[in-house]
Structures are given as structure tokens and as C-alpha cells.
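Colleague: I would like the atomic coordinates for the input below:
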Amino acid sequence: MFSHGCGFPFGIGRFFTASYMPLFFVLSGYTYREGRTPGQSVKRRFNTIGTKYFIYSFCLLLMSCIVRIRSLDATYLLNAVVGIFYSSNNLYYPRSVEPNISFFTVQNGPLWYLTCFLISCVIFYPAIYKFKSLVGKIGSIVACVGITILLSGIPIRLPWSADMAFAGAAFMIFGTMLAENGIVTKMRWYHFVAVFAAYVVLCTCNPGIAMSVREFGEHGLLSIFLFFVIGGMGSLTYIGVSKCLCELPALKKVLSYIGKHTLPILGFHVFILVCWDKVISHFVTIESGTALYWINGVLQVAFALVVCLIGSRCFAIVKNKLEEGKLGKSSN
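Modeller: Down below sits the predicted model:
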């Protein structure tokens, strides 16, 4: 949320943006449980994640149209709707190509992860179902890395960010391997410190990673390999820090509650951040990098988080009431 809002001071943003998207995929693999066929698992993901993607996207489209009702035109609506279905940041790669076509025009940029995740699931579930041995899983990761390299140079972004889906599947398989081999539980604090130190060095040597727009760093083919190493190390660092934070019961409850509402936060926070900026700009001019800028950034992110949590809670209450009503009618 900070990366989409005010950013980070002292240039430390690279240490967050390099791995927070791989982390989502790693955790999805880490929490994978057997019991369904690949087809059942994929269908379940499409029914849940796919449905929420389109609901969130069209809610954002509606809210964006209301906000800019005076300047609304057919071209804007067409680009927004096409962008929802194409679900990629830009058409041409790299994003610096001019002229380019931007698809995410209703503050729905973060939702690229959901469609990319769905394509990754189509790759991940058959692979994890078929290759149960350690060698098989390593081979699957190698294959996914190889395909990512082949797709890295194509001049367009594929729909549903499919050009990054194999990378996502590789991180998911890595997460499953962590869970199956108990790596995280075996690691001690000094192991996490060593991983974090190596992570900082690699991020410093290879800045410019942005998974959402297929940017791997500054060293060509080598950057792609570093991207996977950095993503894995960063995920382990996040997990290690989370283990420490969750030693505090009260903080654990707060983080757990936020974690259960990840999807609405992911979907709507950018829209709220933009609205905050527009409202604040009417009252005060804030120069970038000043103390007021960072104070405003913290308040902005806190406000977006609270609004998303309240909205998610209200939606859950309404949903439960509707389901109770349906049950009551069916029993009658």
C-alpha cells in the first residue's frame, strides 16, 4: 500500500517491491493441501478468485465513472472495460514504449495479481499433482524458469499477465517445498538474518524488479535468475519477520484479521489512495520528501486500510443476511 501511495524514504522501496509479489505466490504454495484433483482445484480457484476479480473490477469501474462523471466519455469506458478483460498493465513491452496502451485505468492495477494467479494455478496444480518427488518439483521449477526466460523478450504483455504466470507457478512450487520439508520451522533466527543479509546485497546489486510489469532488474538474462533467488529469499525474510511479530498475541490477532481481508484491500486501496490525494490537494500543497509528505502518506495508508476493512466487514454482514434469508425461504 505504501508503494502505491507515498512510497518509501531513503530509497528503501526496492527492498520491498522486489519480493512482495513473489511472496503472495510462495504463500499460496506454502498453504497448499492435497485432497482435490487438479481440475477440481483449478475450478475452485476460478469460482472464488475469478468471481471476485470481476466483481471488484466492475465496482471500481462504477466508482471511477461516478468520480469523473463530468468528463466521462465512450473512449474511457471502452478502454476501461477492455482493460478489465485483458488484465495486464500495458499492451506493449517494455512499458516505456511509445505510444503504448494502458489497460488499468480505473485504479484496478493491483488486480493483475488475481488473473495471473489463476493462470499460475492452471500450471501449478497439474505439476504438483504429477511430480511428488523433490526431484520432480525442482524439475518443474527449472522448466517454469526456462519458459519465463523465453517469454521475457516478447514485445507485448499477454492477457491475464500470462507471461508472468510461469514465474508465479515456480514460486508456488517453491512454497510447497518449504512446507513439505519443514524448512521454515527448522530455521533459527540467525538463518533468517543470513538470508536477509544476502537478500539486501542482491537487491542492491540488481535493482529495478517489478513483477507486475515484467521487469527483472538491470543485468539482462542474469537478472531473471536473480529475480527468482531474490523472490525466494525475500519471501523467507517476510515469513521470518512474521514469526517474530506473531510472538505478541495482540499483534498476531491484528495481523491475522488484516490477512483475512487481503483481497478487498488489494482490490480497493489504490482507488481510496487516489481519492485521498484529490481531497487533500484542495486544502494544502504538500511537497514531496518533506516531513508533512510522510505524515500524510502514513495517514493516507491507514485511512485506506480502515476503509477496506470496514467495507469488507459490511459486505460480509450483508452476504450472511442474504444467505440466512435464502435458507429461511427454502425451509418454509
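
Colleague: From now on I want contacts and neighbour counts done on CA atoms only, so please keep to that.
Modeller: OK.

Colleague: As a check, name the ranges of all strands in the stretch 101-250 of the chain.
Modeller: Under the criterion DSSP state E, counting those that start in this stretch, the stretch 101-250 of the chain contains strands at 209-210, 215-216.

Colleague: quick one: contacts of the last one?
Modeller: Contacts made with strand 215-216 from outside it, assessed by CA atoms under 8 Å, 6 or more residues apart in numbering, are listed as Gly208, Ile209, Ala210, Ser223, Ile224, Leu226, Phe227.

Colleague: which one of those is nearest Ala143?
Modeller: Using CA to CA, Ile224 is the member of the contacts of strand 215-216 that sits closest to Ala143, with 13.6 Å.

Colleague: What sits closest to the closest one if chain neighbours are left out?
Modeller: Phe216 (5.5 Å; CA to CA, 6 or more residues apart in numbering).

Colleague: So what's the residue count around the one you found?
Modeller: When neighbours are defined as other CA atoms under 10 Å, Phe216 has 23 of them.

Colleague: Val279 too?
Modeller: Residues near Val279, counting by other CA under 10 Å: 10.

Colleague: ok so it is a strand residue?
Modeller: No: according to DSSP: H, G, I helix; E, B strand; the rest coil, the state of Val279 is helix, so it is not within a strand.

Colleague: For Phe8, see how far away it is.
Modeller: From Val279 over to Phe8 the distance is 22 Å, taken as CA to CA, to the nearest Å.

Colleague: before we move on, what about Glu34?
Modeller: Taking CA to CA, one finds Glu34 at 39 Å from Phe8.

Colleague: Tell me which of these two has more neighbours.
Modeller: Per other CA under 10 Å, whichever of Glu34 and Phe8 has more neighbours is Phe8, with 17 against 10.

Colleague: which residues does that one contact?
Modeller: Counted by CA under 8 Å, 6+ apart, Phe8 has contacts Phe2.

Colleague: mind listing the helices for the stretch 151-300 of the chain?
Modeller: Taking DSSP state H, counting those that start in this stretch as the test, the helices found in the stretch 151-300 of the chain are 165-180, 183-186, 189-205, 221-245, 249-259, 262-281, 291-331.
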